[in-house]
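# Fold the following and give me the result.
(2 chains)
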Amino acid sequence: MNLWIAAILAGSVLLIETPCAFAKSELSSKLTVPIASVVDAGSTLASDGASAAVVLPAALSQAGASLVVLSVTAGAKGSVYLLERAGDGARVSIEIGAEIAGTVTLSVGTTIETSAVAAGTVLSVAGEVVALIPTEVGRALMHHEQLSD
Amino acid sequence: MCRIVVALWLLLAFLPVAQAGRSCEPRALQVADVERGLELAQRTVVALDASAAHIVILARAGQDLSDYGLHYSHLGFAYRHSDGHGGHVWRVVHKLNRCGTAEASIYRQGLAEFFLDRPWRYEAAWVVPSEAVQERLLARVRDPQQLIHLHSKPYSIVSYAWSQRYQQSNQWALETLAAALDSTIDTRAQAQDWLREHNYEPSTLHISTLERLGGRLTAANVAFDDHPPKKRFSSRIDTVTVDSVFAWMAKAGLAGTPVRIAK
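Got it, this is the predicted structure:
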């Protein structure tokens, strides 16, 4: 115990520093963007089921589209979210297989924004990315596998 | 400018290992981060596809190390991997430290994940090994057991280049490269001996004395107790860096000069 006290007292005079950079990890697993997939693109519709509405997921790739989470259910690989586009009521179900990125929790009523990028469609909440629906090009770019303990 | 107090040197002298339990700050990815990371990944794949290379040493500028005269922070082996349909995709095998811990593991990732970690600069750089080196390295990388044979879990981001107490990510890659080039190498110590014999020189980081009080005392992934006391107490930290690996490989005729893609 005395050794610790001596070390702390002595160390309070002689200090070594290092920049933040060297304290930063090379990995935060939270930063791996989960891949979302469309499980029911069957479109539609406004609640009256009428007119043919806009077919999703084409609507998903529309920059700046807003989708509201209508329900969250368990899926085979993760959680399935039923989304409805604001304005025309077009619907789509997506499944996100991994933990949602960042600090966002998707629940009923959450509004999701879509952004089109070359590799797919980015889903975000208040600017924070929650998942990516990749195109074929995007899928080829993405992989995550731990090879050792 | 972003400096923290990492350790009291006398305190460190009594600590056998790095303190555990520090957590990484939660950081949310913004849409622009993903857009830029994916774009860099895609441009890198296009450039690699256009090259004749089957495997390269790929680096990113994940952190600002300019105070140390370093440009890149992290490297891995990027190689053509079968897509199962007669084609290929590019995959990176590299070593990553889990946030808030003093341990690390080996991962295979896509180039998207490699560049999505909100790097300091959206920049990729790689060196193409000679054909003979590519052949040996590729055989090592494609063999899961051989790939992780020299991996050691205990991690310090500034681990001493000539010690086996910890192993940082670039050090794992360099030691694995050595083992690929000399099949008699079976241990980390042998790999380090081989690297010394072949004139590899780690970077010497000059960790200056305190500029301001405050901040954290230590981080889980930073330890200095593997460095020889004489060097440690004179603030000289010899560690494996991307820049030193690139320079050595070019000088030793093992690879060409770096190819660079920046946004």
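
# Helices of the stretch 101-250 of chain B, start to end?
Per DSSP state H, counting those that start in this stretch, the stretch 101-250 of chain B carries helices over the ranges B:111-115, B:131-141, B:144-148, B:169-181, B:188-197, B:229-233, B:242-251.

# Same check on chain A?
Under the criterion DSSP state H, chain A contains helices at A:2-11, A:136-141.

# Which of those has the lowest mean pLDDT?
Mean pLDDT is lowest for helix A:2-11 among the helices of chain A, at a mean of 45.

# list the contacts for B:Ala161?
By CB atoms under 8 Å, 6 or more residues apart in numbering or on different chains, the contact set of B:Ala161 is B:Gln171, B:Gln192, B:Pro202, B:Asp238, B:Thr239, B:Val240. (Glycine included, C-beta is placed from N, CA and C.)

# One more: B:Val133?
Each residue near B:Val133 by CB under 8 Å, 6+ apart is listed here: B:Ala180, B:Leu181, B:Leu254, B:Ala255.

# CSV for those residues, including neighbour count and distance to chain A?
Shown next, in CSV, are those (neighbours: other CB atoms under 10 Å in any protein chain shown; distance: CB to the nearest CB, whole Å):
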residue, neighbour count, distance to chain A
B:Ala180, 25, 16
B:Leu181, 19, 21
B:Leu254, 19, 24
B:Ala255, 22, 22
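
# As TSV, the residues you listed with pLDDT would be great.
Output for the contacts of B:Val133, formatted as TSV (pLDDT from 0 to 100):
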residue	pLDDT
B:Ala180	98
B:Leu181	98
B:Leu254	98
B:Ala255	98
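
# May I see these arranged in CSV, with distance to B:Ala161 as well?
Below are the contacts of B:Val133 laid out as CSV (distance: CB to CB, whole Å):
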residue, distance to B:Ala161
B:Ala180, 18
B:Leu181, 17
B:Leu254, 17
B:Ala255, 19
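
# Walking through chain B, point out its strands one by one.
Using DSSP state E, the strands of chain B run over B:3-8, B:55-61, B:74-82, B:88-97, B:104-110, B:121-127, B:203-206, B:236-239, B:259-262.

# any idea of the mean pLDDT in the first one?
The one in question is strand B:3-8. Across strand B:3-8, pLDDT averages out at 39.

# Near chain A, which residues of the stretch 101-250 of chain B are found?
Residues of the stretch 101-250 of chain B lying near chain A by CB under 8 Å from any CB of the partner chain: B:104-113, B:116-118, B:120, B:144, B:147-148, B:151, B:153, B:157-158, B:169, B:207-211, B:213, B:216, B:219, B:221-222, B:224, B:235.

# Write a PyMOL command that selects only the buried members of the residues you listed.
Buried residues within these, by 16 or more other CB atoms under 10 Å in any protein chain shown, are selected in PyMOL with:
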select buried, chain B and resi 104+105+106+107+108+109+110+111+112+113+116+117+118+120+147+148+151+157+158+169+207+219+221+222+224
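
# Dump stretch B:59-76 to PDB, restricted to CA.
The C-alpha coordinates for stretch B:59-76 follow below in PDB (Å, rounded to 0.1, in the frame of the first residue of the first chain):
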ATOM      1  CA  ALA B  59      -3.200   1.200 -44.800                       C
ATOM      2  CA  ARG B  60      -5.600   3.800 -43.500                       C
ATOM      3  CA  ALA B  61      -5.100   7.200 -41.800                       C
ATOM      4  CA  GLY B  62      -7.400   6.400 -38.900                       C
ATOM      5  CA  GLN B  63      -5.700   8.800 -36.400                       C
ATOM      6  CA  ASP B  64      -3.800  12.100 -36.600                       C
ATOM      7  CA  LEU B  65      -0.300  11.000 -35.900                       C
ATOM      8  CA  SER B  66       1.300  14.000 -37.600                       C
ATOM      9  CA  ASP B  67       2.900  15.100 -34.300                       C
ATOM     10  CA  TYR B  68       5.000  12.000 -34.600                       C
ATOM     11  CA  GLY B  69       5.800  12.500 -38.300                       C
ATOM     12  CA  LEU B  70       3.600   9.600 -39.200                       C
ATOM     13  CA  HIS B  71       1.000   9.600 -42.000                       C
ATOM     14  CA  TYR B  72      -0.900   6.300 -41.600                       C
ATOM     15  CA  SER B  73      -2.000   4.600 -38.400                       C
ATOM     16  CA  HIS B  74      -3.100   1.100 -39.300                       C
ATOM     17  CA  LEU B  75      -2.500  -1.600 -41.900                       C
ATOM     18  CA  GLY B  76      -3.800  -5.000 -42.900                       C
END
